[in-house]
Every structure is written in structure tokens, then in C-alpha cells.
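Asker: this is a predicted model, with the sequence first.
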Amino acid sequence: MDQVTSPRWWHNPLLLTLASGGLLWAAFPPLGITLLAWVALVPALLLVHRKDNPASRFRWYLLIWLGSSLHWLLLTQGIRLAHWSTHFAWIPLGLYLGLYLPLFIGLTRVAVHCGRWPLMIAAPLTWTGLELVRGHAMSGFSMGLLAHTQAHWTTLIQLSDLLGAYGVSFVVMLVNAALAANLGQQTTRGRWIVHLAAALLAVVLVLSYGHLRQIEPVADNEARSLKIALLQGSIDTTFDNDPTEPQRMYLTYRQLSIQARQEHPDLDLIVWPESMFPFGPEIIHDQPPVPPDALDMDQQTYLERIEQQNHYFQANVEDLLWLINEDLAGPDQKQLDIQLILGTSVQQVDDPSTPYHNAALWIRPDGSVGGRYYKSHLVVFGEYVPLADRFPWLYKLVPLTQGISPGTSPSCFTINGVRVIPSICFESTAPHFMRQQVKQLSDQGTPPDVMINITNDGWFWGSSVLDLHLACNVFRAVELRLPLLIAANTGFSAVIDSQGRIHQQGPRREEEILIQSVQARNRFSLYRKTGDLFGIGAALVCLSLAVSGWRIQRAKRRETGS
């Protein structure tokens with residue numbers, strides 16, 4: 001039988017890693033050449049078939065790590081823009097994320113060379129398992145998954161309601177592995193055809209499922225609906241203490257609220273992005289507050305301070321609601337009934353620890369607080385510093401003045417009969433977190449009808465981090481089969497339906513108002529019920545391969561007496 005002989009490649013691990021990193025970077029925004037993702041990992045996969053040289057093994061993997069780290073530094077470079085000190089988060093993040101490619105190559109080599117697994121099975125499983133590990137380790141980083149390159153291929157990504165985004169990553173890697181299996185070793189023409197046919201069949205099956213899931217359900221004219229305005233200002237955020245910035249933020253979003261109300265008097269809800277209502281914190285307590293020792297203040301004086309701050313906070317809330325619902329209505333019009341979701345801060349003072357929360361507040365038309373949600377999935381070095389609760393002096397090394405305390409549970413805002421689940425900032429990048437929030441509310445008998453994400457992406461100055469965040473939101477909508485609405489400072493605000501289609505999207509670093517009516521609909525999602533079982537299974541495969549590799553290396557050292 002005729003042989004298809006692969007060309008002789010110069011198997012330099014750094015060059016092959018840089019080739020894969022460059023192609024994969026180009027598959028993401030700003031270039032966004034999504035088809036490149038289907039071939040981007042082929043150069044790196046050629047390293048799986050290279051003969052092992054124990055003498056140069058450390059150098060070999062070091063070069064892979066350096067090339068992979070460069071890819072991640074380029075992909076996440078927007079993180080460094082807010083302040084010079086954020087380089088100290090960006091560079092370690094890139095170096096940490098760079099570790100996953102050499103891990104992938106090493107585990108896949110164990111499966112192929114020791115376990116005799118076909119590359120088309122080993123590579124997709126190890127890649128998928130490591131993506132899940134990356135989403136949980138070190139507080140989790142689930143941006144930049146291989147699946148996210150395909151966020152705009154709506155038919156393909158419908159698979160996410162079964163297996164999550166990890167299922168889409170598996171399919172894209174499967175095609176890469178099919179191509180690499182034919183290039184990396186001598187292969188008969190028959191096997192070459194079988195590899196490509198198997199990959200093509202997998203893609204066809206996924207697209208067929210996606211087509212079926214895109215069939216629109218029959219509209220329910222009696223379903224509850226909510227007309228929402230998503231506000232997007234354009235205020236680049238920095239860590240510098242600019243005393244004028246809070247007032248600028250407020251005036252910008254107040255004016256956008258007025259404009260939305262004037263153009264759409266039938267609005268039910270206006271949504272502000274994260275942290276754009278600067279008059280916090282709102283101070284709450286169930287028990288008599290105890291003054292922190294650092295304040296050196298008696299309880300009566302402390303209570304007076306709390307009352308003053310809450311009066312200031314409430315006065316600004318009521319002024320904003322009056323402006324929107326009464327002053328704008330005019331003498332000949334009925335009083336309006338528009339409600340707000342505001343991004344602000346809340347401080348609990350039941351005990352001397354007085355934790356601060358990054359919060360989303362639901363404000364009724366009379367100015368009362370209908371519900372609160374405290375951000376639970378915090379950003380390391382952006383909202384807290386590890387170990388700073390024991391060593392407060394660590395905050396002197398970073399621009400943060402103090403850490404944010406995490407919330408402990410989801411919230412459901414029932415507005416005009418529609419149940420809204422809020423999330424804040426990068427919480428929507430974590431698939432397991434969002435799924436658990438939705439499932440918990442569903443188990444409590446209050447299944448959400450719509451997800452709303454409020455975020456201040458002004459930290460990233462219009463960089464491609466905005467695109468990465470939007471891609472995550474697209475997958476959350478499909479995974480959980482719920483529409484997801486985003487109010488983002490500087491962009492991208494968006495309206496995403498439960499099939500992952502972006503109906504409206506705000507511009508980059510420009511002001512915009514998005515208006516959308518959402519209906520209460522319930523579409524089935526297996527992922528919502530079972531979660532990351534597929535990804536966990538792949539992660540367990542990675543663990544077993546790591547144990548096997550360790551045992552093999554230990555046996556070899558014993559044989560050589562080293």
C-alpha cells in the first residue's frame with residue numbers, strides 16, 4: 001500500500017510553539033481569523049511524535065513554556081493598561097498560563113508513547129481536561145479557551161448546552177489532532193483518509209445538533225416581558241486617585257439615563273455598569289455595629305457617621321429616581337415606574353471586620369432597595385491580594401487600598417414578574433460559577449428568566465480583553481439557555497439570546513444605549529443540570545496520565561541507577 005511520508009520538519013520546540021502561538025493568537029481578536037484555530041495547534045502537536053531525549057528534556061520543555069508564555073502575554077496584554085503596577089499581574093499571569101502547553105505536550109506524549117493511544121483521542125482529552133483545571137486553579141482563568149475562537153459560529157457552539165464550552169474545544173482540537181497525526185508520522189493513505197473522515201464526521205454531527213437546537217420555539221404572547229435599557233459610557237479607568245472621576249462617571253450615566261427615558265418612556269428597567277454609582281458605600285447592619293479598633297471611635301459617634309453616610313447615599317439614589325420617574329414625566333403625563341440596577345459598593349458593619357462588597361443593587365421607583373447581590377467570584381490582585389487578611393501590609397505594595405469581600409450566594413431580582421440573576425464583571429467568564437448560581441436559584445424554586453452582567457471594562461482601554469470577555473458571555477448564554485444582557489463601561493454592552501446570537505452590541509470605547517425587551521422563557525439545558533462532567537472526566541484522564549508518567553520516569557531512574 002502506498003505510504004504518505006511526512007516532510008522532514010526541523011523539530012525545534014521553540015519555533016513550533018511560536019508557530020502555534022502565533023496562529024492561535026490570530027484566531028482571537030483583534031484579528032479574529034477564526035478558521036485558524038482548526039489548524040493552529042498542529043505545529044505544537046508535532047512535538048508529541050518527536051523521539052524523547054532525556055539529556056535535553058528540561059531545555060525542551062522550557063522552550064515550549066517560553067513560547068507559550070509569549071502567546072498568553074500577547075493575548076492578555078490589555079490587563080497592563082490601567083496602571084504601571086498592573087504589569088506585575090500581567091507578566092506572572094502570562095508565565096503561569098504558559099505552563100499549560102508543556103503540560104499538554106507532556107501528558108499527550110505519555111498517552112501516545114506509553115499508553116499507545118491514538119493522537120486523535122489523547123490530544124482532545126488532555127487539552128479539554130487542562131482547560132477545566134485552568135478554570136479552577138489559582139482562583140480560575142477561563143478566558144481564551146480554544147472554544148472561544150468560535151464564539152460567532154452559532155451553529156457549532158450549540159453543543160455547549162450539553163458539554164459546556166469544553167465540548168467545543170474538544171471538537172476543534174480533534175480536527176487539529178487529525179491533521180497532526182498525518183503529518184507527524186508515516187501513515188498509510190487509508191489511515192490518512194480515516195483520520196480526516198472521523199474528524200469531519202464529528203464536525204458534521206455537532207453542526208447537525210446545532211441546527212436542531214436553533215429551531216425557534218413557538219412564541220408565547222402571554223409570557224412576562226421586561227423592557228430594559230443597558231447603558232454604556234466611555235470612561236477609561238485607572239488606579240490613579242483622580243478626585244474628579246467619580247463625579248464624571250455619575251454625570252455621564254445620569255445623562256444616559258435621561259436620554260434613555262426620553263427616547264423610550266415605556267422602559268421598565270435601566271441598568272448601570274459595575275461601580276458607576278459613586279456615592280457608596282451603602283452601610284447595612286442587622287446587629288448594633290461595633291467600631292473597628294483602627295478608628296478609635298466610640299459607638300455613638302460611629303453610629304452617627306453611619307447615619308450620615310447612609311443619608312448621603314439614599315439622598316442621591318432618590319434624586320436619581322425622582323429625576324427619571326417624576327421630573328421627566330411632565331405635568332400632563334403619568335408618573336413613570338422605571339426601576340434601576342446600579343453598580344456600587346456595600347459595607348456590612350455587624351462586626352469590626354466591616355467587609356466591603358462589590359455590589360449590584362436593585363432600586364425600586366420609590367428609591368428603596370429591592371435586592372442586593374454581592375460579587376462572589378473575585379479577581380486576584382484586582383479586588384483582593386492573597387494572604388492580605390493576615391498581612392495587611394501587602395496592600396502597600398499594590399494600588400488597592402483594601403480588599404473586597406466575596407458574597408456567599410446568588411440573588412434573584414423579580415422585576416415586573418421577570419426573574420433576573422445579576423453577575424458582576426469577570427464572574428461571567430467562569431462557566432462552573434455561573435452554572436452553579438443558576439442551578440442554586442432553580443433548586444430554590446426561583447429559576448431565572450434572564451442573566452444580566454454589569455461590568456467596568458474601562459480598566460482595559462478598549463483592548464481585545466473586551467472581545468475575550470464578550471466571547472465568554474456568548475457561551476454562558478448557550479450553556480444555560482438563558483438570554484444574557486451586558487451593561488459594560490467602555491464596551492462591549494450586548495444583548496445575547498439563549499442561542500448565543502448577539503442581537504445588539506455596543507461600540508468599543510464609545511457611548512451607547514441598548515434597548516431590549518426580554519421574555520420569560522424556559523429552554524432545556526443538560527449542562528445546567530449536569531455541569532462539567534465531561535470536563536471533569538477529561539481532567540481525571542490528565543491526572544491518570546500524570547501518575548503514569550511519574551511512575552514510568554521513576555522506574556527508568558531505578559533501572560539506570562540514578
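Answerer: Noted; the coordinates are in hand. Just so you know, these numbers come straight off a predicted model, no measurement behind them. Numbering: from 1, shown residues only.

Asker: what are the buried residues along stretch 66-76?
Answerer: Leu66, Gly67, Ser68, Ser69, Leu70, His71, Trp72, Leu73, Leu75, Thr76 (16 or more other C-beta atoms under 10 Å). (C-beta placed from N, C-alpha, C; glycine too.)

Asker: surely the second one meets Leu24?
Answerer: This points to Gly67. No - between Gly67 and Leu24 there is no contact, the gap being 11.2 Å when judged by C-beta atoms under 8 Å.

Asker: strands of the stretch 151-300 of the chain, residue ranges please.
Answerer: Counting by DSSP state E, counting those that start in this stretch, the stretch 151-300 of the chain has strands at residues 187-188, 225-232, 269-271, 282-284.

Asker: mind listing what's buried along the second one?
Answerer: Applying a neighbour-count criterion of 16+ other C-beta under 10 Å, one finds Ser225, Leu226, Ile228, Ala229, Leu230, Leu231, Gln232 buried in strand 225-232.

Asker: so among those, where is pLDDT lowest?
Answerer: Here the lowest pLDDT out of the buried residues of strand 225-232 sits on Ser225, with 89.

Asker: return stretch 244-257 as CSV; C-alpha atoms alone will do.
Answerer: This file holds the C-alpha atoms of stretch 244-257, laid out as CSV (Å, rounded to 0.1, in the frame of the first residue of the first chain):
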residue,chain,number,x,y,z
THR,A,244,-13.0,64.3,39.5
GLU,A,245,-13.5,60.7,38.1
PRO,A,246,-16.5,59.7,40.4
GLN,A,247,-18.4,62.8,39.5
ARG,A,248,-17.7,62.4,35.8
MET,A,249,-18.9,58.8,35.9
TYR,A,250,-22.1,59.7,37.7
LEU,A,251,-22.9,62.7,35.4
THR,A,252,-22.3,60.5,32.3
TYR,A,253,-24.6,57.8,33.4
ARG,A,254,-27.2,60.1,34.7
GLN,A,255,-27.3,61.8,31.3
LEU,A,256,-27.6,58.4,29.5
SER,A,257,-30.4,57.5,31.9
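
Asker: pLDDT below threshold where in this structure?
Answerer: 1-10, 52-55, 184-189, 218-222, 240-241, 327-335, 352, 381-382, 384-402, 561-562 (pLDDT under 70).

Asker: now do the longest helix along it: distance to the chain's middle.
Answerer: Assignment by DSSP state H gives helix 533-560 as the longest helix of the chain. How far helix 533-560 lies from its chain's middle: 30 Å, per C-alpha atoms, centre = their mean, to the nearest Å.

Asker: next: stretch 344-352.
Answerer: So, by C-alpha atoms, centre = their mean, the centroid of stretch 344-352 is 27 Å from its chain's centroid.

Asker: circling back: redo the buried residues of stretch 66-76 as JSON lines? Include distance to Ala487 and secondary structure.
Answerer: As requested, the buried residues of stretch 66-76 are exported to JSON lines (distance: C-beta to C-beta, whole Å; DSSP: H, G, I helix; E, B strand; the rest coil):
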{"residue": "Leu66", "distance to Ala487": "39", "secondary structure": "helix"}
{"residue": "Gly67", "distance to Ala487": "38", "secondary structure": "helix"}
{"residue": "Ser68", "distance to Ala487": "35", "secondary structure": "helix"}
{"residue": "Ser69", "distance to Ala487": "34", "secondary structure": "helix"}
{"residue": "Leu70", "distance to Ala487": "34", "secondary structure": "helix"}
{"residue": "His71", "distance to Ala487": "31", "secondary structure": "helix"}
{"residue": "Trp72", "distance to Ala487": "28", "secondary structure": "helix"}
{"residue": "Leu73", "distance to Ala487": "30", "secondary structure": "helix"}
{"residue": "Leu75", "distance to Ala487": "25", "secondary structure": "helix"}
{"residue": "Thr76", "distance to Ala487": "23", "secondary structure": "coil"}
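
Asker: closest one to Thr560 out of those residues, please.
Answerer: Distance to Thr560 across the buried residues of stretch 66-76 (C-beta to C-beta) is lowest for Leu66, with 28.6 Å.

Asker: how about the closest one, nearest residue that isn't a chain neighbour?
Answerer: Excluding the flanking residues, the one nearest Leu66 by C-beta to C-beta, 6 or more residues apart in numbering is Leu14, at 6.7 Å.

Asker: in contact with the one you found, which residues?
Answerer: Going by C-beta atoms under 8 Å, 6 or more residues apart in numbering, Leu14 touches Leu63, Ile64, Leu66, Gly67.

Asker: adding distance to Leu207, write the residues you listed out as JSON lines.
Answerer: Output for those, formatted as JSON lines (distance: C-beta to C-beta, whole Å):
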{"residue": "Leu63", "distance to Leu207": "37"}
{"residue": "Ile64", "distance to Leu207": "33"}
{"residue": "Leu66", "distance to Leu207": "37"}
{"residue": "Gly67", "distance to Leu207": "33"}
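
Asker: Thr86: which of the residues you listed is nearest?
Answerer: Using C-beta to C-beta, the contacts of Leu14 come closest to Thr86 at Leu66, 22.0 Å.

Asker: from Ala151, how far off is that closest one?
Answerer: Leu66 sits 29 Å away from Ala151, going by C-beta to C-beta, to the nearest Å.

Asker: ok, back up a step: make TSV out of the buried residues of strand 225-232 and add distance to Ile341.
Answerer: Below are those laid out as TSV (distance: C-beta to C-beta, whole Å):
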residue	distance to Ile341
Ser225	17
Leu226	11
Ile228	9
Ala229	10
Leu230	10
Leu231	10
Gln232	14
